[in-house]
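Participant: Fold the following for me, if possible:
(chains A, B, C and D)
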2 protein chains.
Amino acid sequence: MAEPAPESRTKADAILNAAQRLFTQFGFRRTSIDDIAREAGIAKGTVYLYFDGKEAVFRAMQARNLAEVEVACDLAEAAGGGFGDRLRGVLEALYAGMYDRYGQSEHLVELSSTRLAVGPDIAGQVDRTYTGRIVGFLNAAERAGEASLAASGLDAAAIAATLMAAAKGAKQSESGPPDPATYRASLARVAALTAAALRP
Amino acid sequence: MAEPAPESRTKADAILNAAQRLFTQFGFRRTSIDDIAREAGIAKGTVYLYFDGKEAVFRAMQARNLAEVEVACDLAEAAGGGFGDRLRGVLEALYAGMYDRYGQSEHLVELSSTRLAVGPDIAGQVDRTYTGRIVGFLNAAERAGEASLAASGLDAAAIAATLMAAAKGAKQSESGPPDPATYRASLARVAALTAAALRP
DNA sequence: AAATGACCGATTCAATTGATTTGGTCATTT
DNA sequence: AAATGACCAAATCAATTGAATCGGTCATTT
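Facilitator: So this is what the prediction gives:
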(Lines give C-alpha, C1' and ligand atoms only; values in the text may rest on other atoms or scores of the structure.)
Protein backbone atom coordinates (compact mmCIF):
# COMPACT_ATOMS: atom_id res chain seq x y z
CA MET A 1 0.00 0.00 0.00
CA ALA A 2 2.40 2.65 1.24
CA GLU A 3 5.44 3.60 -0.77
CA PRO A 4 7.93 0.77 -0.20
CA ALA A 5 10.22 1.76 2.64
CA PRO A 6 13.93 0.96 2.56
CA GLU A 7 13.29 -1.50 5.35
CA SER A 8 10.57 -3.96 4.55
CA ARG A 9 7.75 -5.35 6.65
CA THR A 10 7.61 -8.92 5.48
CA LYS A 11 10.23 -11.16 3.94
CA ALA A 12 8.30 -11.25 0.68
CA ASP A 13 8.46 -7.46 0.64
CA ALA A 14 12.17 -7.51 1.29
CA ILE A 15 12.66 -9.88 -1.61
CA LEU A 16 10.61 -7.73 -3.96
CA ASN A 17 12.42 -4.59 -2.88
CA ALA A 18 15.77 -6.21 -3.43
CA ALA A 19 14.61 -7.54 -6.79
CA GLN A 20 13.41 -4.10 -7.77
CA ARG A 21 16.79 -2.55 -7.04
CA LEU A 22 18.86 -5.25 -8.67
CA PHE A 23 16.72 -5.97 -11.72
CA THR A 24 16.55 -2.27 -12.44
CA GLN A 25 20.27 -1.75 -12.06
CA PHE A 26 21.62 -4.91 -13.65
CA GLY A 27 18.75 -6.42 -15.63
CA PHE A 28 17.05 -9.77 -15.33
CA ARG A 29 19.80 -11.93 -16.72
CA ARG A 30 22.63 -10.47 -14.69
CA THR A 31 20.83 -10.63 -11.39
CA SER A 32 20.97 -13.94 -9.59
CA ILE A 33 18.66 -15.31 -6.94
CA ASP A 34 21.66 -15.34 -4.65
CA ASP A 35 22.18 -11.62 -5.26
CA ILE A 36 18.57 -10.92 -4.41
CA ALA A 37 18.74 -13.00 -1.25
CA ARG A 38 21.93 -11.30 -0.11
CA GLU A 39 20.49 -7.85 -0.83
CA ALA A 40 17.38 -8.79 1.12
CA GLY A 41 19.47 -10.08 4.04
CA ILE A 42 18.20 -13.64 3.88
CA ALA A 43 19.43 -16.96 2.60
CA LYS A 44 18.95 -18.16 -0.91
CA GLY A 45 16.66 -21.03 -0.04
CA THR A 46 14.30 -18.67 1.74
CA VAL A 47 13.43 -17.01 -1.53
CA TYR A 48 11.95 -20.31 -2.66
CA LEU A 49 9.69 -20.39 0.38
CA TYR A 50 7.92 -17.28 -0.91
CA PHE A 51 8.24 -17.51 -4.68
CA ASP A 52 8.33 -20.34 -7.18
CA GLY A 53 11.52 -19.13 -8.81
CA LYS A 54 13.33 -16.26 -10.37
CA GLU A 55 10.67 -15.60 -12.97
CA ALA A 56 7.94 -15.63 -10.33
CA VAL A 57 9.85 -13.00 -8.38
CA PHE A 58 10.05 -10.87 -11.46
CA ARG A 59 6.38 -11.23 -12.24
CA ALA A 60 5.40 -10.41 -8.66
CA MET A 61 7.57 -7.32 -8.75
CA GLN A 62 6.00 -6.22 -11.99
CA ALA A 63 2.51 -6.83 -10.63
CA ARG A 64 3.27 -4.77 -7.54
CA ASN A 65 4.56 -1.89 -9.62
CA LEU A 66 1.54 -2.03 -11.88
CA ALA A 67 -0.79 -1.99 -8.90
CA GLU A 68 1.00 0.97 -7.33
CA VAL A 69 0.90 2.86 -10.60
CA GLU A 70 -2.82 2.21 -10.85
CA VAL A 71 -3.35 3.67 -7.43
CA ALA A 72 -1.43 6.76 -8.48
CA CYS A 73 -3.63 6.91 -11.54
CA ASP A 74 -6.77 6.76 -9.42
CA LEU A 75 -5.49 9.73 -7.42
CA ALA A 76 -4.71 11.69 -10.57
CA GLU A 77 -8.19 11.07 -11.95
CA ALA A 78 -9.80 12.19 -8.72
CA ALA A 79 -7.62 15.27 -8.38
CA GLY A 80 -8.94 18.76 -9.03
CA GLY A 81 -8.26 20.87 -12.07
CA GLY A 82 -9.52 20.85 -15.61
CA PHE A 83 -9.59 17.99 -18.06
CA GLY A 84 -6.16 18.82 -19.48
CA ASP A 85 -4.53 18.94 -16.08
CA ARG A 86 -6.04 15.64 -15.00
CA LEU A 87 -5.09 14.02 -18.26
CA ARG A 88 -1.54 15.17 -17.69
CA GLY A 89 -1.72 13.71 -14.21
CA VAL A 90 -2.95 10.38 -15.55
CA LEU A 91 -0.19 10.19 -18.14
CA GLU A 92 2.39 11.12 -15.55
CA ALA A 93 1.09 8.52 -13.15
CA LEU A 94 1.16 5.82 -15.80
CA TYR A 95 4.30 6.62 -17.71
CA ALA A 96 6.54 8.73 -15.52
CA GLY A 97 5.42 6.44 -12.68
CA MET A 98 6.81 3.34 -14.34
CA TYR A 99 9.80 5.35 -15.45
CA ASP A 100 10.51 6.36 -11.86
CA ARG A 101 10.20 2.81 -10.65
CA TYR A 102 12.57 1.35 -13.18
CA GLY A 103 14.83 4.34 -13.43
CA GLN A 104 16.31 5.50 -16.67
CA SER A 105 17.99 2.15 -16.75
CA GLU A 106 19.07 0.67 -20.03
CA HIS A 107 17.49 -2.51 -18.72
CA LEU A 108 14.00 -1.10 -19.02
CA VAL A 109 13.83 -2.51 -22.50
CA GLU A 110 14.99 -5.92 -21.43
CA LEU A 111 12.73 -5.89 -18.40
CA SER A 112 9.56 -5.18 -20.28
CA SER A 113 10.26 -6.87 -23.58
CA THR A 114 12.07 -10.01 -22.52
CA ARG A 115 9.90 -12.94 -23.32
CA LEU A 116 10.04 -14.87 -20.15
CA ALA A 117 9.70 -18.61 -20.55
CA VAL A 118 6.15 -19.06 -19.38
CA GLY A 119 3.37 -16.84 -18.17
CA PRO A 120 1.51 -13.89 -19.60
CA ASP A 121 3.24 -11.42 -21.82
CA ILE A 122 4.30 -8.74 -19.38
CA ALA A 123 4.55 -5.88 -21.83
CA GLY A 124 1.21 -6.79 -23.34
CA GLN A 125 -0.40 -6.81 -19.91
CA VAL A 126 0.88 -3.33 -19.16
CA ASP A 127 -0.30 -2.19 -22.54
CA ARG A 128 -3.80 -3.50 -22.06
CA THR A 129 -4.04 -2.10 -18.57
CA TYR A 130 -2.89 1.33 -19.70
CA THR A 131 -5.24 1.32 -22.65
CA GLY A 132 -8.12 0.49 -20.37
CA ARG A 133 -7.26 3.23 -17.92
CA ILE A 134 -6.99 5.91 -20.58
CA VAL A 135 -10.13 4.83 -22.41
CA GLY A 136 -12.02 4.83 -19.13
CA PHE A 137 -10.76 8.29 -18.27
CA LEU A 138 -11.66 9.71 -21.66
CA ASN A 139 -15.16 8.24 -21.61
CA ALA A 140 -15.76 9.52 -18.10
CA ALA A 141 -14.65 12.99 -19.14
CA GLU A 142 -16.97 12.88 -22.10
CA ARG A 143 -19.89 11.83 -19.92
CA ALA A 144 -19.05 14.69 -17.57
CA GLY A 145 -19.15 17.07 -20.50
CA GLU A 146 -15.51 18.04 -20.05
CA ALA A 147 -14.33 16.64 -23.34
CA SER A 148 -15.86 16.04 -26.73
CA LEU A 149 -14.39 13.04 -28.43
CA ALA A 150 -16.48 13.65 -31.49
CA ALA A 151 -14.66 16.93 -32.03
CA SER A 152 -11.58 14.99 -33.04
CA GLY A 153 -13.28 12.43 -35.24
CA LEU A 154 -11.64 9.65 -33.24
CA ASP A 155 -13.03 7.29 -30.66
CA ALA A 156 -11.59 6.79 -27.21
CA ALA A 157 -9.58 3.73 -28.19
CA ALA A 158 -7.94 5.53 -31.11
CA ILE A 159 -7.06 8.50 -28.94
CA ALA A 160 -5.66 6.22 -26.27
CA ALA A 161 -3.52 4.44 -28.84
CA THR A 162 -2.17 7.76 -30.03
CA LEU A 163 -1.42 8.96 -26.53
CA MET A 164 0.39 5.74 -25.76
CA ALA A 165 2.42 5.89 -28.93
CA ALA A 166 3.40 9.45 -28.14
CA ALA A 167 4.36 8.54 -24.59
CA LYS A 168 6.41 5.64 -25.86
CA GLY A 169 8.11 7.72 -28.50
CA ALA A 170 8.89 10.49 -26.04
CA LYS A 171 10.98 8.10 -24.02
CA GLN A 172 13.59 8.01 -26.75
CA SER A 173 14.57 11.62 -26.31
CA GLU A 174 17.32 11.38 -28.88
CA SER A 175 20.93 12.40 -28.30
CA GLY A 176 22.00 11.78 -24.76
CA PRO A 177 20.55 9.62 -22.01
CA PRO A 178 16.85 9.98 -21.23
CA ASP A 179 16.07 12.72 -18.75
CA PRO A 180 13.07 12.48 -16.41
CA ALA A 181 12.37 16.20 -16.61
CA THR A 182 12.23 16.34 -20.41
CA TYR A 183 10.19 13.18 -20.39
CA ARG A 184 7.61 14.74 -18.13
CA ALA A 185 7.63 17.84 -20.29
CA SER A 186 6.86 15.68 -23.32
CA LEU A 187 3.95 14.07 -21.54
CA ALA A 188 2.64 17.51 -20.59
CA ARG A 189 2.76 18.59 -24.23
CA VAL A 190 0.88 15.49 -25.30
CA ALA A 191 -1.77 16.17 -22.69
CA ALA A 192 -2.08 19.81 -23.72
CA LEU A 193 -2.46 18.94 -27.39
CA THR A 194 -5.05 16.30 -26.65
CA ALA A 195 -7.01 18.57 -24.36
CA ALA A 196 -7.10 21.18 -27.12
CA ALA A 197 -8.32 18.60 -29.60
CA LEU A 198 -11.14 17.48 -27.33
CA ARG A 199 -12.30 20.87 -26.08
CA PRO A 200 -16.08 20.86 -26.34
CA MET B 1 15.10 12.70 -59.32
CA ALA B 2 12.87 9.90 -60.54
CA GLU B 3 11.99 6.93 -58.41
CA PRO B 4 15.07 4.69 -58.55
CA ALA B 5 14.51 2.18 -61.33
CA PRO B 6 15.61 -1.43 -60.97
CA GLU B 7 18.19 -0.71 -63.66
CA SER B 8 20.32 2.29 -62.92
CA ARG B 9 21.51 5.09 -65.14
CA THR B 10 24.98 5.72 -63.79
CA LYS B 11 27.38 3.45 -61.93
CA ALA B 12 27.03 5.58 -58.83
CA ASP B 13 23.29 5.01 -58.97
CA ALA B 14 23.79 1.30 -59.39
CA ILE B 15 26.01 1.26 -56.31
CA LEU B 16 23.49 3.19 -54.24
CA ASN B 17 20.65 0.97 -55.38
CA ALA B 18 22.60 -2.14 -54.49
CA ALA B 19 23.57 -0.64 -51.15
CA GLN B 20 19.95 0.22 -50.46
CA ARG B 21 18.84 -3.35 -51.06
CA LEU B 22 21.63 -5.00 -49.13
CA PHE B 23 21.91 -2.60 -46.19
CA THR B 24 18.16 -2.83 -45.71
CA GLN B 25 18.10 -6.60 -45.85
CA PHE B 26 21.29 -7.48 -43.99
CA GLY B 27 22.32 -4.33 -42.13
CA PHE B 28 25.47 -2.26 -42.34
CA ARG B 29 27.83 -4.62 -40.66
CA ARG B 30 26.84 -7.74 -42.56
CA THR B 31 27.02 -6.15 -45.97
CA SER B 32 30.45 -6.01 -47.58
CA ILE B 33 31.73 -3.73 -50.30
CA ASP B 34 32.22 -6.84 -52.36
CA ASP B 35 28.57 -7.76 -51.92
CA ILE B 36 27.51 -4.32 -53.06
CA ALA B 37 29.80 -4.44 -56.09
CA ARG B 38 28.53 -7.86 -57.09
CA GLU B 39 24.92 -6.80 -56.67
CA ALA B 40 25.62 -3.72 -58.77
CA GLY B 41 27.32 -5.83 -61.43
CA ILE B 42 30.71 -4.14 -61.19
CA ALA B 43 34.06 -4.89 -59.65
CA LYS B 44 34.96 -4.07 -56.11
CA GLY B 45 37.62 -1.54 -56.99
CA THR B 46 35.13 0.45 -59.04
CA VAL B 47 33.17 1.31 -55.94
CA TYR B 48 36.21 3.22 -54.71
CA LEU B 49 36.24 5.30 -57.90
CA TYR B 50 32.88 6.75 -56.90
CA PHE B 51 32.89 6.70 -53.11
CA ASP B 52 35.54 7.09 -50.46
CA GLY B 53 34.61 3.87 -48.69
CA LYS B 54 31.82 1.85 -47.18
CA GLU B 55 30.73 4.56 -44.81
CA ALA B 56 30.62 7.11 -47.62
CA VAL B 57 28.35 4.80 -49.60
CA PHE B 58 26.05 4.55 -46.62
CA ARG B 59 25.97 8.29 -46.08
CA ALA B 60 25.28 8.96 -49.76
CA MET B 61 22.45 6.44 -49.71
CA GLN B 62 20.97 8.06 -46.63
CA ALA B 63 21.30 11.52 -48.17
CA ARG B 64 19.54 10.36 -51.32
CA ASN B 65 16.68 8.88 -49.33
CA LEU B 66 16.36 12.02 -47.27
CA ALA B 67 16.27 14.16 -50.40
CA GLU B 68 13.62 11.97 -52.01
CA VAL B 69 11.53 12.05 -48.88
CA GLU B 70 11.76 15.82 -48.81
CA VAL B 71 10.48 15.98 -52.37
CA ALA B 72 7.54 13.80 -51.39
CA CYS B 73 6.96 16.15 -48.48
CA ASP B 74 6.93 19.15 -50.81
CA LEU B 75 4.26 17.45 -52.88
CA ALA B 76 2.18 16.64 -49.82
CA GLU B 77 2.35 20.24 -48.65
CA ALA B 78 1.29 21.52 -52.04
CA ALA B 79 -1.52 19.00 -52.42
CA GLY B 80 -5.14 19.95 -52.08
CA GLY B 81 -7.41 19.23 -49.16
CA GLY B 82 -7.77 20.70 -45.71
CA PHE B 83 -5.10 21.25 -43.09
CA GLY B 84 -5.65 17.85 -41.50
CA ASP B 85 -5.38 15.99 -44.78
CA ARG B 86 -2.19 17.77 -45.77
CA LEU B 87 -0.70 17.22 -42.34
CA ARG B 88 -1.42 13.54 -42.74
CA GLY B 89 0.25 13.68 -46.13
CA VAL B 90 3.33 15.33 -44.68
CA LEU B 91 3.62 12.78 -41.89
CA GLU B 92 3.17 9.93 -44.33
CA ALA B 93 5.78 11.38 -46.67
CA LEU B 94 8.27 11.79 -43.85
CA TYR B 95 7.69 8.68 -41.78
CA ALA B 96 5.98 6.09 -43.93
CA GLY B 97 8.31 7.28 -46.70
CA MET B 98 11.41 6.36 -44.78
CA TYR B 99 9.68 3.23 -43.59
CA ASP B 100 9.00 2.19 -47.17
CA ARG B 101 12.55 2.83 -48.20
CA TYR B 102 14.09 0.79 -45.44
CA GLY B 103 11.35 -1.78 -45.24
CA GLN B 104 10.18 -3.19 -41.98
CA SER B 105 13.71 -4.46 -41.60
CA GLU B 106 15.05 -5.19 -38.19
CA HIS B 107 18.13 -3.34 -39.35
CA LEU B 108 16.32 -0.02 -39.37
CA VAL B 109 17.50 0.53 -35.86
CA GLU B 110 21.07 -0.30 -36.65
CA LEU B 111 20.99 1.74 -39.81
CA SER B 112 19.79 4.91 -38.21
CA SER B 113 21.35 4.63 -34.79
CA THR B 114 24.73 3.12 -35.51
CA ARG B 115 27.33 5.65 -34.68
CA LEU B 116 29.51 5.54 -37.71
CA ALA B 117 33.14 6.33 -37.10
CA VAL B 118 33.26 9.82 -38.51
CA GLY B 119 30.80 12.20 -40.04
CA PRO B 120 27.59 13.81 -38.91
CA ASP B 121 25.18 11.98 -36.70
CA ILE B 122 22.80 10.45 -39.21
CA ALA B 123 19.82 10.04 -36.93
CA GLY B 124 20.28 13.55 -35.59
CA GLN B 125 20.35 14.96 -39.10
CA VAL B 126 17.09 13.25 -39.97
CA ASP B 127 15.57 14.51 -36.75
CA ARG B 128 16.57 18.10 -37.39
CA THR B 129 15.38 17.96 -40.97
CA TYR B 130 12.03 16.52 -39.98
CA THR B 131 11.58 19.04 -37.20
CA GLY B 132 12.27 21.84 -39.62
CA ARG B 133 9.80 20.55 -42.18
CA ILE B 134 6.99 20.15 -39.67
CA VAL B 135 7.60 23.49 -38.00
CA GLY B 136 7.62 25.17 -41.39
CA PHE B 137 4.39 23.48 -42.38
CA LEU B 138 2.64 24.44 -39.15
CA ASN B 139 3.74 28.05 -39.33
CA ALA B 140 2.65 28.32 -42.96
CA ALA B 141 -0.75 26.89 -42.06
CA GLU B 142 -1.09 29.40 -39.26
CA ARG B 143 -0.21 32.28 -41.56
CA ALA B 144 -2.78 30.99 -44.02
CA GLY B 145 -5.36 30.98 -41.25
CA GLU B 146 -5.91 27.26 -41.53
CA ALA B 147 -4.62 26.43 -38.09
CA SER B 148 -4.43 28.22 -34.79
CA LEU B 149 -1.40 27.21 -32.80
CA ALA B 150 -2.47 29.41 -29.94
CA ALA B 151 -5.55 27.25 -29.47
CA SER B 152 -3.37 24.48 -28.13
CA GLY B 153 -1.16 26.60 -25.91
CA LEU B 154 1.91 25.15 -27.61
CA ASP B 155 4.27 26.62 -30.13
CA ALA B 156 5.16 25.03 -33.45
CA ALA B 157 8.34 23.43 -32.13
CA ALA B 158 6.52 21.80 -29.23
CA ILE B 159 3.82 20.45 -31.51
CA ALA B 160 6.41 19.16 -33.93
CA ALA B 161 8.23 17.39 -31.10
CA THR B 162 4.98 15.76 -30.03
CA LEU B 163 4.14 14.66 -33.55
CA MET B 164 7.56 13.17 -33.99
CA ALA B 165 7.40 11.34 -30.70
CA ALA B 166 4.04 9.91 -31.64
CA ALA B 167 5.30 8.84 -35.04
CA LYS B 168 8.32 7.22 -33.44
CA GLY B 169 6.23 5.46 -30.84
CA ALA B 170 3.75 4.22 -33.41
CA LYS B 171 6.49 2.27 -35.10
CA GLN B 172 6.63 -0.12 -32.20
CA SER B 173 3.19 -1.50 -32.80
CA GLU B 174 3.54 -4.09 -30.08
CA SER B 175 2.94 -7.79 -30.52
CA GLY B 176 3.94 -9.02 -33.91
CA PRO B 177 6.11 -7.51 -36.61
CA PRO B 178 5.46 -3.93 -37.66
CA ASP B 179 2.80 -3.60 -40.33
CA PRO B 180 2.89 -0.74 -42.84
CA ALA B 181 -0.89 -0.44 -42.90
CA THR B 182 -1.32 -0.08 -39.15
CA TYR B 183 1.63 2.28 -39.11
CA ARG B 184 -0.06 4.55 -41.64
CA ALA B 185 -3.27 4.31 -39.67
CA SER B 186 -1.41 5.51 -36.58
CA LEU B 187 -0.01 8.46 -38.46
CA ALA B 188 -3.49 9.32 -39.70
CA ARG B 189 -4.80 9.31 -36.14
CA VAL B 190 -2.00 11.59 -35.02
CA ALA B 191 -2.79 13.98 -37.85
CA ALA B 192 -6.49 13.95 -37.06
CA LEU B 193 -5.92 14.63 -33.38
CA THR B 194 -3.52 17.46 -34.13
CA ALA B 195 -5.84 19.02 -36.68
CA ALA B 196 -8.62 18.98 -34.11
CA ALA B 197 -6.35 20.62 -31.56
CA LEU B 198 -5.39 23.41 -33.95
CA ARG B 199 -8.76 24.13 -35.46
CA PRO B 200 -9.18 27.91 -35.49
C1' DA C 1 7.64 -24.66 11.14
C1' DA C 2 10.93 -21.44 9.37
C1' DA C 3 15.26 -20.68 7.68
C1' DT C 4 19.69 -22.00 6.08
C1' DG C 5 23.57 -22.92 2.90
C1' DA C 6 26.24 -26.86 0.95
C1' DC C 7 25.48 -29.23 -3.00
C1' DC C 8 24.21 -30.72 -8.01
C1' DG C 9 23.67 -30.63 -12.94
C1' DA C 10 23.18 -27.45 -16.53
C1' DT C 11 24.24 -23.24 -18.51
C1' DT C 12 27.17 -19.46 -19.36
C1' DC C 13 31.78 -17.18 -19.56
C1' DA C 14 36.26 -16.26 -20.94
C1' DA C 15 40.42 -17.20 -23.08
C1' DT C 16 42.78 -19.43 -27.07
C1' DT C 17 43.56 -20.21 -31.54
C1' DG C 18 43.26 -20.99 -36.45
C1' DA C 19 40.57 -20.00 -40.44
C1' DT C 20 37.82 -16.80 -42.94
C1' DT C 21 36.28 -12.37 -44.29
C1' DT C 22 36.71 -7.44 -44.79
C1' DG C 23 37.91 -2.72 -46.18
C1' DG C 24 40.96 -0.77 -48.89
C1' DT C 25 45.10 -0.51 -52.44
C1' DC C 26 47.28 -0.70 -56.79
C1' DA C 27 49.68 -2.90 -60.71
C1' DT C 28 47.55 -4.52 -64.74
C1' DT C 29 44.04 -4.85 -68.38
C1' DT C 30 40.47 -2.98 -71.33
C1' DA D 1 40.91 7.23 -68.51
C1' DA D 2 37.98 3.71 -66.70
C1' DA D 3 37.61 -0.61 -64.78
C1' DT D 4 39.32 -4.75 -62.82
C1' DG D 5 40.48 -8.29 -59.35
C1' DA D 6 44.61 -10.34 -56.97
C1' DC D 7 46.60 -9.01 -52.92
C1' DC D 8 47.51 -7.45 -47.88
C1' DA D 9 47.03 -6.45 -43.04
C1' DA D 10 43.56 -6.10 -39.75
C1' DA D 11 39.33 -7.44 -37.97
C1' DT D 12 35.91 -10.96 -37.32
C1' DC D 13 34.22 -15.52 -36.69
C1' DA D 14 33.80 -20.26 -35.13
C1' DA D 15 35.18 -24.06 -32.54
C1' DT D 16 37.24 -25.68 -28.21
C1' DT D 17 37.60 -26.15 -23.66
C1' DG D 18 38.15 -25.52 -18.68
C1' DA D 19 36.49 -22.61 -15.12
C1' DA D 20 32.97 -20.14 -12.96
C1' DT D 21 28.13 -19.17 -12.16
C1' DC D 22 23.30 -20.08 -11.84
C1' DG D 23 18.67 -21.81 -10.68
C1' DG D 24 16.85 -24.91 -7.89
C1' DT D 25 16.81 -28.82 -4.15
C1' DC D 26 16.97 -30.70 0.33
C1' DA D 27 19.18 -32.58 4.54
C1' DT D 28 20.25 -30.06 8.49
C1' DT D 29 19.98 -26.33 11.94
C1' DT D 30 17.56 -22.85 14.54
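
Participant: burial measure for residue A:126, as a count.
Facilitator: Neighbourhood size, residue A:126 [other C-beta atoms under 10 Å in any protein chain shown]: 17. Every residue, glycine included, has its C-beta placed from N, CA and C.

Participant: What helices and strands are in contact with the helix or strand that it is a member of?
Facilitator: Per DSSP states H and E: residue A:126 is located in helix A:122-143. Applying 3 or more C-beta pairs under 8 Å, 6 or more residues apart in numbering or on different chains; DSSP states H and E, one finds that helix A:122-143 makes contact with helix A:54-78, helix A:83-91, helix A:107-113, helix A:156-171.

Participant: can you tell me which of the ones you listed the model trusts least?
Facilitator: The minimum mean pLDDT among the helices and strands packed on helix A:122-143 belongs to helix A:107-113 (a mean of 60).

Participant: who's in contact with the closest residue to chain B within chain A?
Facilitator: Distances between chain A and chain B by C-beta to the nearest C-beta are smallest at residue A:169, namely 3.0 Å. Residue A:169 sits next to B:164-170 when contact means C-beta atoms under 8 Å, 6 or more residues apart in numbering or on different chains.

Participant: any idea how far residue A:149 is from it?
Facilitator: 22 Å (C-beta to C-beta, to the nearest Å).

Participant: now swap in residue A:76 and tell me
Facilitator: 20 Å.

Participant: what's the closest non-adjacent residue to the residue nearest the centre of chain A?
Facilitator: Residue closest to the average C-alpha location in chain A (C-alpha atoms, centre = their mean): residue A:98, at 3.1 Å. Using C-beta to C-beta, 6 or more residues apart in numbering or on different chains and skipping residues adjacent in sequence, the residue nearest residue A:98 is residue A:69, 6.0 Å away.

Participant: What about that neighbour, how many residues nearby?
Facilitator: Under the criterion other C-beta under 10 Å, the count of neighbours that residue A:69 has is 22.

Participant: for the helix or strand that residue A:186 is a member of, the distance to its chain's centre please.
Facilitator: Element membership for residue A:186 (DSSP H and E) is helix A:180-197. Distance of helix A:180-197 from the chain centroid (C-alpha atoms, centre = their mean, to the nearest Å) equals 17 Å.

Participant: which residues are contacting that helix?
Facilitator: A:82-85, A:87-88, A:91-92, A:95-96, A:99-100, A:104, A:147, A:151-152, A:159, A:162-163, A:166-167, A:170-171, A:173, B:151-154, B:158-159, B:161-162, B:165-166, B:193-194, B:196-198.

Participant: Can you name the residues of chain A that neighbour DNA strand C?
Facilitator: A:11, A:29, A:42-46, A:48-49 (C-beta under 7 Å from any atom of the strand).

Participant: change it to 10 Å
Facilitator: A:10-12, A:29-30, A:33-34, A:37-38, A:40-50 (C-beta under 10 Å from any atom of the strand).

Participant: Backbone torsions only: list them for residue A:144.
Facilitator: Backbone torsions of residue A:144, given as degrees, to the nearest 10, read phi -80, psi 0.

Participant: residues near it, how many?
Facilitator: Neighbour tally, residue A:144, other C-beta under 10 Å: 9.

Participant: Next one: it from DNA strand C, what distance?
Facilitator: Distance from residue A:144 to DNA strand C, counting by C-beta to the nearest atom of the strand, to the nearest Å: 49 Å.

Participant: now do residue A:194
Facilitator: Taken as C-beta to the nearest atom of the strand, the span from residue A:194 to DNA strand C is 43 Å.

Participant: And the pLDDT for that residue?
Facilitator: On the pLDDT scale, residue A:194 gets 98.
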